[in-house]
Structure formats: C-alpha cells, structure tokens
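# 3D, please:
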Amino acid sequence: MKTSNSTKSILLTATLLAIVSVATAFQQSEPLDRGQIQTVHISAKRMSEQQKLAYDTQGQEAQTVLIVAKRLTPEQKLAMDRQDHALHSVLAQRQAKAKNNG
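Model prediction:
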C-alpha cells in the first residue's frame with residue numbers, strides 16, 4: 001500500500017497522542033490528606049406544622065383553591081364511566097402491545 005509522507009506523519013502523530021493519553025490515564029495521583037478535603041456541616045431545627053405554614057406564606061398571602069362543580073345526573077355518570085372504561089382499555093392494549101414489541 002502506498003502512503004504519502006503527510007499521511008504517515010498524521011498517523012504517527014495520532015499514535016503518539018494515543019500512547020501519551022493512555023500513559024497519563026494510568027498514572028497514579030497522590031492521595032489527598034484529610035486536611036485537604038473540605039467538610040460542610042448543615043444543621044437546622046425541626047419545624048412544627050405552624051412554623052412550616054408561616055414559612056410557606058411568609059411575605060405573601062395564603063393561597064386558596066376554589067373548586068366549582070355541578071352534580072351530574074345518573075346518565076352523565078354512566079356515560080363518564082363508559083368513557084373512562086374505554087380509555088383504560090385502549091391504554092392497556094397499547095401497553096401490552098408495546099411490551100410484546102419491545
């Protein structure tokens with residue numbers, strides 16, 4: 001196989017770089033002394049439920065959630081149950097199909 005000088009020099013350079021990187025990867029570093037490793041101590045007191053609530057609402061108003069709903073008729077309940085059942089059936093079929101294929 002004929003190779004030019006530039007190709008030979010590129011291959012030689014790449015080989016040398018690979019050898020140097022492998023050699024540095026296996027060099028052992030000096031172990032750290034205990035004094036060189038920083039330690040952090042975090043301490044806090046346990047808060048009561050009232051303190052947690054006060055902390056959560058500190059500087060802002062307490063959040064309220066307003067839930068508005070209307071009572072469903074028996075026919076509407078039945079229709080929703082059928083719709084939920086159909087949706088769960090489709091999801092179960094997709095999961096089973098995905099499990100079989102994957």
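
# What lies in contact with stretch 49-69?
Under the criterion C-beta atoms under 8 Å, 6 or more residues apart in numbering, residues Met47 lie in contact with stretch 49-69. Glycine gets a C-beta too; all of them are placed from N, C-alpha and C.

# run the last query once more with 10 Å
Lys45, Arg46, Met47, Ser48 (C-beta atoms under 10 Å, 6 or more residues apart in numbering).

# which ones among those are found in strands?
When DSSP state E is applied, the contacts of stretch 49-69 are split such that none fall in strands.

# which of the residues you listed tops the neighbour count?
If you count neighbours using other C-beta atoms under 10 Å, the busiest of the contacts of stretch 49-69 is Met47, which has 11 neighbours.

# List the contacts of that residue.
Met47 makes contacts with Leu53, Ala54, Tyr55, as judged by C-beta under 10 Å, 6+ apart.

# quick one: which helix or strand includes the first one?
Okay, so that is Leu53. Under the criterion of DSSP states H and E, Leu53 resides in helix 49-56.

# Need the CA coordinates for that helix. CSV is fine.
Listed next in CSV are the C-alpha coordinates belonging to helix 49-56 (Å, rounded to 0.1, in the frame of the first residue of the first chain):
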residue,chain,number,x,y,z
GLU,A,49,-46.7,22.5,61.4
GLN,A,50,-47.5,26.1,62.3
GLN,A,51,-43.9,27.2,61.6
LYS,A,52,-43.9,25.4,58.3
LEU,A,53,-47.2,27.2,57.3
ALA,A,54,-45.8,30.5,58.5
TYR,A,55,-42.6,29.9,56.5
ASP,A,56,-44.5,29.0,53.3
